[in-house]
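**Student:** 3D, please:
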Amino acid sequence: MSDVPVTRYVKSGDFNIAYQVVGEGAVDVVFIPGWVSHLEVGWEDPLIARFLRRLASFTRLILFDKRGTGLSDRVSVPDLPTLEERIDDVRAVMDAVGSERAALFGLSEGGPMSILFSATHPARTSALILCGTVAKVVRDEDYPWGLPREQLEDLVRLCEEEWGGPVLIDLMAPSLAHDADYRDRYARRLRMAASPGAAVGYLRMNFDVDVRGILPTVRVPTLVLHRIGDRLVQLEASRDLAARIPGARFVALPGEDHVPWVGDTSPLIGEVEEFLTGIRHGPEEDRVLATVLFTDIVSSTERAGEMGDRSWKDLLDAHDDVTRRQVERFRGRVVKFTGDGVLATFDGPARAVRCATSLRDAVADLGVEVRAGLHTGEIEVRGEDIGGIAVHIAQRMCSAAASREIVTTSTVKDLVAGSGLSFADRGLQTLRGVPDKWHAFTVTN
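**Tutor:** From the prediction side, this is the model:
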């Protein structure tokens, strides 16, 4: 890709560390990646590229692959680098690009490494940003927010058995876990980032990390960001992390995706921009009011297993064809098919509701039962894709629906008054990844 930054190398001890620089902002930011990464393959994913370009719009963004991953020199599994060796790599990259002082953006597994660097080298650290990370991974008597060791061993076995495919995508990016295109991009990036042995080795190494003892020694401005519905890191773990760092600011954000480039990225990047520059610019996306429809085939996993790959694919093709015709009939737009459902938008809520009911009945002729969720709100138009909290709410309404049920928010119900549509009250719903409760209604005609 022509717009991918040039990859360069610097020696850190005996190892070559790959790095890139993008942007010309006044603030240097070193992005410390999570578990595994690959500088150039990452730019192939439009979501990652968009996220990094947005960060680089107000910073000089310094990217690198940690020793043993991506384009940096690989190491043997018995000789995986310590945190101390990894921060030597950060210092080497900063020296190579002429950065005397930088903010560190530590993502997930990169958080403890960022914390150690900032505490050890405060003169070279202007600020610390921690996103979806923890001070300690394993649950303990005095640390109830970690993961049980048995669950962590299950993750290790999963990586050993399924590396090469979209392993752990349900934890990392659940909102796109059923998107076929994203699954392919995600799996390719993992394959290129690390071998199965290295991936498992780094995963196991993280089990023993515990930086709680050095958190009170962090003396740089610190921002801790956490998505409320994150399935990998508990909210209280991030809150505890922030509480142990003097003066740290903790911000809980809507969403359930662990990786920050999936889901609604605008609030997260806005917090980072304001923290580093004192100014928060509006998002680049166009914002419009729309009614969002999510559908989902009921028991799709079980049906796929019963039918076999070929028969299931034929059924999905027929489902998608019928769905597209119904959406177009009611003047909607198919944003994307999710593997076992659809995401669509409409410029009128009544048409969206009628489309949902018509679609539900039309696919029933194929022997398929679907459920649907709708919400009307402001969405962010991102090229052919959309995002924003309104999309997330519609998805959660769909998740709350039973087979053949169409669930809407009170916003949709109130906007279709006089349309002849009727509803049954479902009461207040707690939606995963959304901070407030929402009043839900079932379409009854």
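**Student:** Going by C-alpha atoms from here, please, whenever you check contacts or count neighbours.
**Tutor:** OK.
**Student:** which regions of the stretch 1-150 of the chain sit below the pLDDT cut-off?
**Tutor:** Within the stretch 1-150 of the chain, the ranges that satisfy pLDDT under 70 run 1-2.
**Student:** do that again at 90, thanks
**Tutor:** For the stretch 1-150 of the chain, the stretches with pLDDT under 90 are 1-4, 45-47, 50, 75-85.
**Student:** residue boundaries of the helices in the stretch 101-250 of the chain?
**Tutor:** Ranges of helices in the stretch 101-250 of the chain, per DSSP state H, counting those that start in this stretch, are 110-120, 149-162, 169-172, 180-193, 196-207, 235-244.
**Student:** Mind giving me the packing neighbours of the last one?
**Tutor:** What it means is helix 235-244. Packing partners of helix 235-244 (3 or more Cα pairs under 8 Å, 6 or more residues apart in numbering; DSSP states H and E): strand 222-227, strand 249-253.
**Student:** Can you tell me which of the ones you listed is packed in deepest?
**Tutor:** When the helices and strands packed on helix 235-244 are scored by mean count of other Cα atoms under 10 Å, the highest mean neighbour count falls to strand 222-227 (a mean of 25).
**Student:** what's the single longest helix in the chain?
**Tutor:** helix 309-329 (DSSP state H).
**Student:** residues of that one that come out buried?
**Tutor:** Residues of helix 309-329 classed as buried by neighbour count (16 or more other Cα atoms under 10 Å): Trp312, Leu315, Leu316, His319, Asp320, Thr323, Arg324, Gln326, Val327.
**Student:** likewise stretch 72-89?
**Tutor:** Neighbour counts over stretch 72-89 (16+ other Cα under 10 Å) mark Ser72, Asp73, Arg74, Leu80, Pro81, Leu83, Arg86, Ile87, Asp89 as buried.
**Student:** Can you add distance to Glu160 and give the buried residues of helix 309-329 back as a markdown table?
**Tutor:** Listed next are the buried residues of helix 309-329 as a markdown table, based on distance: Cα to Cα, whole Å:
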| residue | distance to Glu160 |
| --- | --- |
| Trp312 | 28 |
| Leu315 | 32 |
| Leu316 | 30 |
| His319 | 35 |
| Asp320 | 34 |
| Thr323 | 38 |
| Arg324 | 39 |
| Gln326 | 43 |
| Val327 | 42 |
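**Student:** any idea which of those is the one closest to Val292?
**Tutor:** Val327 (11.6 Å; Cα to Cα).
**Student:** for the closest one, what are its contacts?
**Tutor:** Val327 makes contacts with Arg333, Val334, Ala344, Cys355, Leu359, as judged by Cα atoms under 8 Å, 6 or more residues apart in numbering.
**Student:** May I see the residues you listed arranged in TSV, with secondary structure as well?
**Tutor:** Formatted as TSV, the entries for the contacts of Val327 read as follows, by DSSP: H, G, I helix; E, B strand; the rest coil:
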residue	secondary structure
Arg333	strand
Val334	strand
Ala344	strand
Cys355	helix
Leu359	helix
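**Student:** In these, which residue is surrounded by the most others?
**Tutor:** Ranked by neighbour count (other Cα atoms under 10 Å), those have Ala344 at the top, with 25 neighbours.
**Student:** does Gly373 count as helix, strand or coil?
**Tutor:** strand.
**Student:** surely it meets Arg404?
**Tutor:** No: at 10.8 Å, Gly373 does not count as touching Arg404 under the criterion of Cα atoms under 8 Å.
**Student:** If you count surrounding residues, which of the two has more?
**Tutor:** Shown here are Gly373 and Arg404; by other Cα under 10 Å, Gly373 has more neighbours (29 against 20).
**Student:** and Glu130, what are its bridge partners?
**Tutor:** Slight slip there: residue 130 is Leu, not Glu. For Leu130, the beta-bridge partners under DSSP bridges are Gly106, Val224.
**Student:** what helix or strand does Val90 sit in?
**Tutor:** For Val90, the host element (DSSP states H and E) is helix 83-96.
**Student:** What helices and strands are in contact with that helix?
**Tutor:** Judged by 3+ Cα pairs under 8 Å, 6+ apart, the packing partners of helix 83-96 are strand 8-12, strand 15-22, helix 110-120.
**Student:** and the gap between Arg149 and Asp208?
**Tutor:** The gap separating Arg149 from Asp208 is 11 Å, by Cα to Cα, to the nearest Å.
**Student:** average pLDDT for the longest helix of the chain?
**Tutor:** Helix 309-329 shows a mean pLDDT of 90.
**Student:** from the chain's centre, how far out does that helix sit?
**Tutor:** How far helix 309-329 lies from its chain's middle: 28 Å, per Cα atoms, centre = their mean, to the nearest Å.
**Student:** do stretch 369-387 as well
**Tutor:** 17 Å.
**Student:** can I have it written out in CSV, keeping just the CAs?
**Tutor:** Extracted in CSV, the C-alpha atoms of stretch 369-387 (Å, rounded to 0.1, in the frame of the first residue of the first chain):
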residue,chain,number,x,y,z
GLU,A,369,-36.0,-17.8,12.0
VAL,A,370,-34.6,-14.4,12.7
ARG,A,371,-34.7,-11.8,15.5
ALA,A,372,-34.3,-8.1,15.1
GLY,A,373,-33.4,-4.9,17.0
LEU,A,374,-33.9,-1.3,16.1
HIS,A,375,-32.8,2.1,17.4
THR,A,376,-33.0,5.6,16.0
GLY,A,377,-30.0,7.9,16.7
GLU,A,378,-27.0,9.7,15.4
ILE,A,379,-24.6,7.5,13.5
GLU,A,380,-21.1,8.1,12.1
VAL,A,381,-20.7,7.4,8.4
ARG,A,382,-17.3,5.9,7.8
GLY,A,383,-17.1,5.4,4.1
GLU,A,384,-19.3,2.4,3.4
ASP,A,385,-19.4,1.4,7.1
ILE,A,386,-21.2,3.1,10.0
GLY,A,387,-20.4,3.4,13.7
